[in-house]
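Asks: Show me how the following folds:
(one chain, ligands or ions: 2)
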Amino acid sequence: MADPIAEAAQKHPAPEGLTYTYGTAGFRTKADVLDSVLTRVGLIAALRSRALKGQWIGVMITASHNPPGDNGVKLVEPLGNMLQEEWEVLSTTMANKATPEDVSQYYRDIAKTHRIDLATPARVVVARDTRASGARLLGCLVDGLKAAGADYKDFGFLTTPQLHYMVRCLNTEGTPNAYGSPTEKGYYEKFGAAFKNALKGKKPSGGLTVDCANGVGGPKLTELIKYLPSEDEGGLKITVINDNVIKPDSLNVECGADYVKTNQRAPPSSKAGPNDRCCSLDGDADRVVYYFKDDSNVFHLLDGDRIATLVASFLGDLIRQSGLAEQITIGVVQTAYANGAATKYVEQTLKLKVDCTPTGVKYLHHAAEKLDIGVYFEANGHGTVIFSHETLEAIARHEARNPGQKEALDILRATVELINQAVGDALSDMLLVEVVLAHKNWTVQNWLSTYDDLPNRLLKVTVSDRNRFQTTDAERRLVKPEGIQKLIDQEVQKVRQGRAFARASGTEDAVRVYAEAATRAEADDLARRVADLVKAAGTV
Ligand code: NG1
Ligand code: ZN
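Replies: Numbering: from 1, shown residues only. Ligands and ions are numbered 1, 2, ... in the order given. Model prediction:
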């Protein structure tokens, strides 16, 4: 009897000698070794959907900020969040099965152990970024979906957050929690209207230059602009740069959020003048960082930490002004990469609680879910705000007692709509920042002056086996290799306001070292010394 699962696996055999891992960003590696993974992800997506009684599961084909020759794939749960951890493990095991027969057997094993009725409908929604390999990998995925008998909807090119949005919309359609219309137009209409309502007549000052990393964010932003109030209507002047998706080799090259954050420099292609507001998206538009050059041509970065503090202070004001402060509290969730000055500002100036989690959005998201309003951002610009069910109800139910409260409440309600609660979304985050700056009447200089970042340095160290580096305390301390943490502590003691940590990357074969200190020289020196310790301990 023909076995369609084994046949699909046979059509896209796994290369020998490679081990795949479903990491913090799904499977991600060189595009030419991903065919077999995509087919198998198709099988897993179908099983996951069936396990959830036919709810829509999302599959996004992207390698985000990584080079054009890479690609990747990740799965999205029904409400638009990241894949459950247990299923990450199943995905990893499936990706590493050797033969087509093993794949087919494992497919049935999962169904059996998870009591999945294979007759239940399976529904999967798919999209990809603009990488050249995307079309081929989509074909491999579809072979897996078809073999598993899944219904699928292909949205073609979307940003990662747009795909998350579609998944959430499809699963909530027709319910009281309906998130929006599951179409691209629906996405633009929802966020365009929320932006206009949240501005509430305030005109953003100056213009905004948006670097789209030559990725999918370019054409999508150009489309979104059509749904935003025009300049004449009191809207924002947006200049789109680096939106060349015709030349996939230019993706993330000398541009994009990762380039700007890592090099602490504007993309060379930017023509923005002194004090002009600029921001950069990454290749799949789920990260955004702001920046500008001052009158002396000095570059200043306004990263994810800055966006988090800006948004937390704005929401705090709105909650207070609407008379909701007694019912709703706000918390900020960061990772160890958050600048020490940002953490101090949130705790001491904004007087809000800060939680620290391991790197990876899923950890931040989980921690934020425990709060009434959880503002979470990674320093690299990936993040969003989530509101608990009770908080959303309290905001919807609340009755303003005076015109001041009403004004704040209206803006708060529109701001909730403007935030993509499924996942960090560069386009919606960008509109949110613009709303906050407009209401506060702040320039980028005002925003920058809230606190002074401690100079910091991020280094990457290649070691023979990064898995030997094991951490505790939200990745801030190494427990293995033994003894190394004590040596790092000694180095930290030698500089003023020093802090440093090392951890194995979840997405690259390397150990990352982070250091910050009172001066640039001390931060650089500390990073170099810790990197030397890592190198010595990691070379065996
Ligand atoms: P790793 O490679 O585990 O450090 C990187 C980023 C994360 C996150 C993931 C997913 C840094 C230091 N790390 O993780 O913040 O965005 O990629 O893309 O930026
Ligand atoms: Zn990304």
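
Asks: quick one: Ile250 from ligand 2, how far?
Replies: Quick fix: residue 250 reads Ser, not Ile. Distance of Ser250 to ligand 2, given as CB to the ion, to the nearest Å: 17 Å. Placement of C-beta: from N, CA and C, glycine included.

Asks: if I pick that residue, what's in contact with it?
Replies: 68, 214, 242, 244 (CB atoms under 8 Å, 6 or more residues apart in numbering).

Asks: do that again at 6 Å, thanks
Replies: Applying CB atoms under 6 Å, 6 or more residues apart in numbering to Ser250 gives the contacts 214, 244.

Asks: So which bits of the stretch 51-200 of the chain are right by ligand 2?
Replies: Ser64 (CB under 5 Å from the ion).

Asks: Run through the residues of this protein sitting next to ligand 1.
Replies: Residues of the chain lying close to ligand 1 by CB under 6 Å from any ligand atom are 24-25, 64, 337, 359-360, 378, 380, 382, 505-508, 512.

Asks: Could I have the buried ones of the residues you listed as PyMOL selection syntax?
Replies: This is how PyMOL selects the buried members of these, with burial counted by 16 or more other CB atoms under 10 Å:
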select buried, resi 24+25+64+337+359+360+378+380+382+505+506+507+512
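
Asks: mind listing which of the residues of the chain next to ligand 1 are in strands?
Replies: Arg512 (DSSP state E).

Asks: which one of the residues of the chain next to ligand 1 is nearest Leu138?
Replies: Nearest to Leu138 among the residues of the chain next to ligand 1: Ser64, at 17.0 Å, using CB to CB.

Asks: any chance of the residues of the chain next to ligand 1 in TSV, with pLDDT too?
Replies: Conversion of those to TSV gives the following (pLDDT from 0 to 100):
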residue	pLDDT
Thr24	86
Ala25	89
Ser64	97
Tyr337	97
Thr359	95
Gly360	91
Glu378	97
Asn380	95
His382	96
Ser505	94
Gly506	88
Thr507	83
Glu508	84
Arg512	97
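
Asks: And the helix or strand hosting Thr222, what's buried?
Replies: Per DSSP states H and E, Thr222 falls inside helix 217-225. Buried residues in helix 217-225, counting neighbours by 16+ other CB under 10 Å, are found at 217-221, 224-225.

Asks: can you put those residues in CSV and add distance to Gly174 and pLDDT?
Replies: Shown next, in CSV, are the buried residues of helix 217-225 (distance: CB to CB, whole Å; pLDDT from 0 to 100):
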residue, distance to Gly174, pLDDT
Gly217, 30, 98
Gly218, 33, 98
Pro219, 30, 98
Lys220, 26, 98
Leu221, 30, 98
Leu224, 26, 98
Ile225, 30, 98
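
Asks: farthest pair in those residues?
Replies: Gly217 and Ile225 (12.0 Å).

Asks: Now the residue in the stretch 101-250 of the chain that ligand 1 sits nearest to: phi and psi?
Replies: Closest to ligand 1 within the stretch 101-250 of the chain is Thr160: 10.2 Å, counting by CB to the nearest ligand atom. For Thr160, the backbone dihedrals (degrees, to the nearest 10) come out as phi -60, psi -50.

Asks: roughly how far apart are it and Arg499?
Replies: When CB to CB, to the nearest Å is the yardstick, Thr160 and Arg499 sit 31 Å from each other.

Asks: who's more crowded, these two?
Replies: Higher neighbour count among Thr160 and Arg499: Thr160, with 30 against 19, using other CB atoms under 10 Å.

Asks: Surely that one touches Val59?
Replies: No: judged on CB atoms under 6 Å, Thr160 makes no contact with Val59 at a distance of 11.1 Å.

Asks: what about the chain, any weak spots by pLDDT?
Replies: Scanning the chain with the threshold set as pLDDT under 70 gives 1, 540.

Asks: Now do the following helix or strand past the helix holding Thr222 against helix 217-225: the angle between them, please.
Replies: The first helix or strand that comes after helix 217-225 along the chain, using DSSP H and E, is strand 237-241. Relative orientation of strand 237-241 and helix 217-225, computed by axes from the mean of the first three to the mean of the last three CA atoms, to 10 degrees: 160 degrees.

Asks: helices or strands up against the next helix or strand after strand 237-241?
Replies: Next helix or strand after strand 237-241 toward the C-terminus (DSSP H and E): helix 257-263. Secondary-structure packing of helix 257-263 (3 or more CB pairs under 6 Å, 6 or more residues apart in numbering; DSSP states H and E): strand 277-281, strand 288-293.

Asks: Does helix 257-263 reach ligand 2?
Replies: No: residues of helix 257-263 are not located near ligand 2 by CB under 5 Å from the ion, the shortest gap being 7.9 Å.

Asks: What residues of that helix count as buried?
Replies: Neighbour-count burial for helix 257-263 [16+ other CB under 10 Å]: 257-261.

Asks: need those in a markdown table with distance to Val333, can you?
Replies: Listed next are the buried residues of helix 257-263 as a markdown table, based on distance: CB to CB, whole Å:
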| residue | distance to Val333 |
| --- | --- |
| Ala257 | 20 |
| Asp258 | 21 |
| Tyr259 | 26 |
| Val260 | 23 |
| Lys261 | 19 |
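
Asks: hang on, Val59 packs against Val126?
Replies: Yes: using CB under 6 Å, Val59 makes contact with Val126 at a distance of 4.9 Å.
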